[in-house]
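*Asks:* Just need the structure, nothing else, for what follows:
(2 chains)
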There are 2 protein chains.
Amino acid sequence: MPKLDSVLAWLDLNLDRSVERLNDLLRIPSISTDPAYAADCRRAAEYLAGDLSAIGFDAAVRDTPGHPMVVAHHAGPDGAAHVLFYGHYDVQPVDPVALWDTDPFEPRVVTMPDGSKRIVARGAADDKGQLMTFIEACRAFKAETGGLPCKVTIFLEGEEESGSPSLRPFLETNRSELTADVALVCDTNMWNRETPAISTGLRGMVGEEVTIKAASRDLHSGYYGGAAQNPVRVLAKILADIHDADGRVTIPGFYDGVDELPDSVRAIWDGLGFSETDFLGEVGLSVPAGEKDRSVLEQVWSRPTAEFNGIEGGYTGEGFKTVIAAEAHAKISFRLVSRQDPEAIRAAFRQFVTERLPADCTAEFEDHGGSPAIQMPFDSPWLGAAKTALSDEWPKPAVMIAMGGSIPVVGEFKELLGMESLLIGFGLGDDAIHSPNEKYEMSSYHKGQRSWARVLAALGGGPR
Amino acid sequence: MPKLDSVLAWLDLNLDRSVERLNDLLRIPSISTDPAYAADCRRAAEYLAGDLSAIGFDAAVRDTPGHPMVVAHHAGPDGAAHVLFYGHYDVQPVDPVALWDTDPFEPRVVTMPDGSKRIVARGAADDKGQLMTFIEACRAFKAETGGLPCKVTIFLEGEEESGSPSLRPFLETNRSELTADVALVCDTNMWNRETPAISTGLRGMVGEEVTIKAASRDLHSGYYGGAAQNPVRVLAKILADIHDADGRVTIPGFYDGVDELPDSVRAIWDGLGFSETDFLGEVGLSVPAGEKDRSVLEQVWSRPTAEFNGIEGGYTGEGFKTVIAAEAHAKISFRLVSRQDPEAIRAAFRQFVTERLPADCTAEFEDHGGSPAIQMPFDSPWLGAAKTALSDEWPKPAVMIAMGGSIPVVGEFKELLGMESLLIGFGLGDDAIHSPNEKYEMSSYHKGQRSWARVLAALGGGPR
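*Replies:* Numbers count the residues shown, from 1 in each chain, chains lettered A, B, ... in the order given. Next up, the predicted model:
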């Protein structure tokens, strides 16, 4: 494959410049969940559309009721496969910002004691670094061959970190334009530093926010304490009821549609050499906290959860304030597996809360999105071709794994466009995505670019 | 009492100017719990010391390791009683500031539809308006008679809303200077708009803050959800365990030293004409939320409580963030009665939390102060004299009540200076102290001044 070799060589030669391009993107604080950053989200979309146009894509920023999408098209050889690449240019909030060593939006390349380098910035791994690996692979093909081995559509979202409210309507409106033979989604991790992974199972998610209200105003806890309902107490009690002593979720019907892990899949997972001790130890933990009698891989890949992502009520500043708050809030997410129905879970949760409200208390709910779990067919020919291409790049062969996180777009692609997705990403478990000091390994960025070049070459000559 | 009549007339004539003086004090944002306002606390102390000097007191701002005290002395007639007046110039934080109709530190006089007037500002009732009623009474005596009917020491604190850390050492150091025949404490409410009250029982308080920690950093709830301990969940579970289904506190030993209400006191309370419906209805509630089979007056006056004053953990901003927080916090206060020991309660709470920590979790505690409950002797001669003076001023006779809030200084006066306190205040239940749009009725301010003039006259000729 002389053409591929020259493309890979181009990527090696141009790594520094590709880092500069990524850094330009990382400097834009495109936090989608906070309306204060709306203009920055648009700026990130415009930056990417401009870059893709410069490579030779027919690229445009496409408005939505929320943050815009970027859609870019490039022709391929006659008869070649058509791939849709998906990534997202929006990022998580940066709080607690005090825990960052440096400005989250001033990317740094840090050299570690072992000589390895990493790019540190919010979005470095999730997902700006990942999406740029694909764009750099396209850039290299164009530079060395003048074309791309596949017909390529690039579709970049700006609301992935905030529930993707515009995604579904956008896909419905632009169905024919966005439907390809297969989707390539770059928002996942490698198995480890040496081993690339294709994620064939994804948990779904339901996001909910609940506000418990009692008195018409904040009360003095001396004057009213004992007689007045305390929404913080009511909320704590309801949240405490959601799990039983064995870590199972007690919401009626929650486990409807949850399948036991098939033996065939369990065998694959058993062969991964996964270390519970290492996985937990990396973040300062030692004992699995989930359902009893389930392995950690089951807990994070194939079992549903209820997680409390945020709670707030009363006085939370410096010092002390003897107040009974008028209201208290919690953000709660459910990770779903198998055939669990997101809207049934949402309804069951709301009923669970409402049934537990004492006198004088009300609950208000906010819908923060939902998506079912995904399972890719293990016999897909796209999967086989991609697995071989990845195995050629990395020290160890690619493995097929599952994923605890949710990528709602994969479900939407399947449901609305009839399209399977190949989930290939180069993140690592210690990238600290969603946390302070998020980083992306330089090896992820460099070999990620090379991996996409190999995958594009393989799919270009691969099945239709 | 021609002298007293002229003093009362002076107060009537000078009401508007007394409001201006109060407003000057209310404009100073002396929030003691937040270090950012330390200079403002000092400014409030200096304002008061200056005002007292202008009246003729020997007044000084006295430094402490925290916010300063104001101490002022004025001689009285030979053989007259020596009273110590206590108030506090610091105020509560103002959040949620968005719920204030106007700037909390720009006082307004608002005329209500019924023609009554009120002063709206943070601290208007708690405690700047209250303490100024006494100072205005002294000003009137000086203006009309050239002296005061008692020897008067005024002692104003700046840390009452933040646990009074400097109070005890200051009292110990200045014991002889501050010891008087009786203390007058103006930080309590009337029984209702027509009926003045002397509070003869006060609940004590223990303030605690607990931080639950698990992983070494915030985690992505997709990758780790199910396997990692979630401090918000651990905290919610522990808090939920603190009350049983009947509203009783489950912490072992919590009720040690709690006495049942004596029949004699119950009879007084039964005669007050207290309406549970009105008390709760005023703040949008209808059903007593405390211990089953206890009246509301018992729940707020004679029974201990555990209240959750603040909770925070994870992502609490706009939108949603799928995070498992590394830590979660709660601020908790216990109201104490009878002979409950604050430090025993604190220790029992900490043990209760620690015993419930799952693997990989730690708890850190912060001490936010504590004080035992107070019960005044019903046969005090000071009480009788004050009751008569108050009954002369208001439409209805003064009543003796209890109070759900805590005024730690009363315990310290008794323990360290051997001094009983007369708790006389002119606040009303709807003053919204500690809440947005705090107010003090103009009638409280005006007739409060007149009440103190009457009480000073009565105590000056009263018992030694």
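*Asks:* Kindly state the domain boundaries assigned to chain A.
*Replies:* Using automatic domain parsing, the domain parsing of chain A gives A:2-202+A:373-460, A:204-268+A:288-371.
*Asks:* so which of the ones you listed comes closest to residue B:419?
*Replies:* Residue B:419 lies closest, by CB to CB, to one member of the domains of chain A: domain A:204-268+A:288-371, at 22.3 Å. For glycine as for every other residue, the C-beta is placed from the backbone atoms N, C-alpha and C.
*Asks:* re the thing from before, out of the domains of chain A, which comes closest to residue B:95?
*Replies:* It is, among those and with distance given as CB to CB, domain A:204-268+A:288-371, at 6.9 Å.
*Asks:* And the average pLDDT for that closest one is what?
*Replies:* Mean per-residue pLDDT for domain A:204-268+A:288-371: 95.
*Asks:* got it, and stretch A:448-464?
*Replies:* On average, the pLDDT along stretch A:448-464 is 84.
*Asks:* wait, which of the domains of chain A is closest to residue B:15?
*Replies:* Closest approach to residue B:15 among the domains of chain A (CB to CB): domain A:204-268+A:288-371, 27.6 Å.
*Asks:* Run through the residues that contact the residue in the stretch 51-200 of chain A that chain B sits nearest to.
*Replies:* Chain B sits closest to residue A:162 of the stretch 51-200 of chain A, with a gap of 4.9 Å, by CB to the nearest CB. Residues near residue A:162 by CB atoms under 8 Å, 6 or more residues apart in numbering or on different chains: A:32-33, A:66, A:90, B:319-320.
*Asks:* What residues does the stretch 351-464 of chain A have near chain B?
*Replies:* Residues of the stretch 351-464 of chain A lying close to chain B by CB under 8 Å from any CB of the partner chain are A:358-360, A:368-369, A:403-406, A:429, A:432-436.
*Asks:* same thing but at 6 Å, please
*Replies:* The stretch 351-464 of chain A comes close to chain B at residues A:359-360, A:368, A:404-406, A:433-435, as judged by CB under 6 Å from any CB of the partner chain.
*Asks:* so which pair among these is furthest apart in space?
*Replies:* Farthest apart among those by CB to CB are A:359 and A:433. That separation is 43.2 Å.
*Asks:* So these two - more neighbours on which side?
*Replies:* Ranked by neighbour count (other CB atoms under 10 Å in any protein chain shown), residue A:359 and residue A:433 place residue A:433 first, with 28 against 11.
*Asks:* Doesn't the more buried one belong to a strand?
*Replies:* No - Residue A:433 sits outside any strand when classified using DSSP: H, G, I helix; E, B strand; the rest coil, being coil.
*Asks:* before we move on, the earlier item: would you list the residues of the stretch 351-464 of chain A next to chain B in JSON lines and tack on distance to residue B:122?
*Replies:* Shown next, in JSON lines, are these (distance: CB to CB, whole Å):
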{"residue": "A:359", "distance to residue B:122": "31"}
{"residue": "A:360", "distance to residue B:122": "27"}
{"residue": "A:368", "distance to residue B:122": "35"}
{"residue": "A:404", "distance to residue B:122": "47"}
{"residue": "A:405", "distance to residue B:122": "45"}
{"residue": "A:406", "distance to residue B:122": "45"}
{"residue": "A:433", "distance to residue B:122": "42"}
{"residue": "A:434", "distance to residue B:122": "37"}
{"residue": "A:435", "distance to residue B:122": "37"}
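*Asks:* Apply the buried test to the residues you listed and list what passes.
*Replies:* For these, a burial check counting by 16 or more other CB atoms under 10 Å in any protein chain shown picks out A:360, A:368, A:404-406, A:433-435.
*Asks:* How much space separates residue A:263 from chain B?
*Replies:* Going from residue A:263 to chain B by CB to the nearest CB, to the nearest Å gives 21 Å.
*Asks:* tell me, how many neighbours does that residue end up with?
*Replies:* By the measure other CB under 10 Å, the count of residues near residue A:263 is 7.
*Asks:* What segments of the stretch 201-350 of chain A are helices?
*Replies:* Applying DSSP state H, counting those that start in this stretch to the stretch 201-350 of chain A gives helices spanning A:221-224, A:231-241, A:263-270, A:276-281, A:296-297, A:342-355.
*Asks:* elements contacting the longest one?
*Replies:* Contacts of helix A:342-355 with other secondary structure elements, assessed using 3 or more CB pairs under 6 Å, 6 or more residues apart in numbering or on different chains; DSSP states H and E, are made with strand A:204-213, strand A:362-371.
*Asks:* Can you tell me the SS state at residue A:110?
*Replies:* Quick answer, by three-state DSSP: residue A:110 is strand.
*Asks:* Checking my notes, residue A:87 in a helix, right?
*Replies:* No - Residue A:87 is assigned strand when assessed by three-state DSSP, not a helix.
*Asks:* And it, how close does it get to residue A:123?
*Replies:* 11 Å (CB to CB, to the nearest Å).
*Asks:* and if you look at residue A:96?
*Replies:* Per CB to CB, residue A:96 is found 17 Å from residue A:123.
*Asks:* These two: which is more packed in?
*Replies:* More crowded of residue A:96 and residue A:123, by other CB under 10 Å: residue A:123, with 33 against 13.
*Asks:* Show the contacting residues for the more buried one.
*Replies:* By CB atoms under 6 Å, 6 or more residues apart in numbering or on different chains, residue A:123 lies in contact with A:26, A:91.
*Asks:* Over to residue A:346?
*Replies:* residue A:206.
*Asks:* same thing but at 8 Å, please
*Replies:* Residue A:346 neighbours (CB under 8 Å, 6+ apart): A:206, A:208, A:367, A:370.
*Asks:* Doesn't residue A:137 lie inside a helix?
*Replies:* Yes - assessed with three-state DSSP, residue A:137 lies in a helix.
*Asks:* what's around it, how many residues?
*Replies:* 28.
*Asks:* just to revisit the earlier point, can you list the helices of the stretch 201-350 of chain A in CSV and add distance to residue A:251?
*Replies:* Listed next are those as CSV, based on distance: least, CB to CB, whole Å:
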stretch, distance to residue A:251
helix A:221-224, 31
helix A:231-241, 9
helix A:263-270, 26
helix A:276-281, 26
helix A:296-297, 23
helix A:342-355, 5
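*Asks:* winner for burial among those?
*Replies:* helix A:221-224 (a mean of 26; mean count of other CB atoms under 10 Å in any protein chain shown).
*Asks:* Give me the contacts around that one.
*Replies:* Taking CB under 8 Å, 6+ apart as the rule, helix A:221-224 contacts A:215, A:322-324, B:189, B:203, B:205, B:283, B:300, B:305, B:307, B:309, B:333, B:335, B:403-406, B:429.
*Asks:* and the nearest residue to residue A:6 once chain neighbours are set aside, backbone torsions?
*Replies:* Nearest residue to residue A:6, sequence neighbours excluded (CB to CB, 6 or more residues apart in numbering or on different chains): residue A:144, at 4.7 Å. Per-residue torsions, residue A:144: phi -90, psi -30 (degrees, to the nearest 10).
*Asks:* No more questions from me, cheers.
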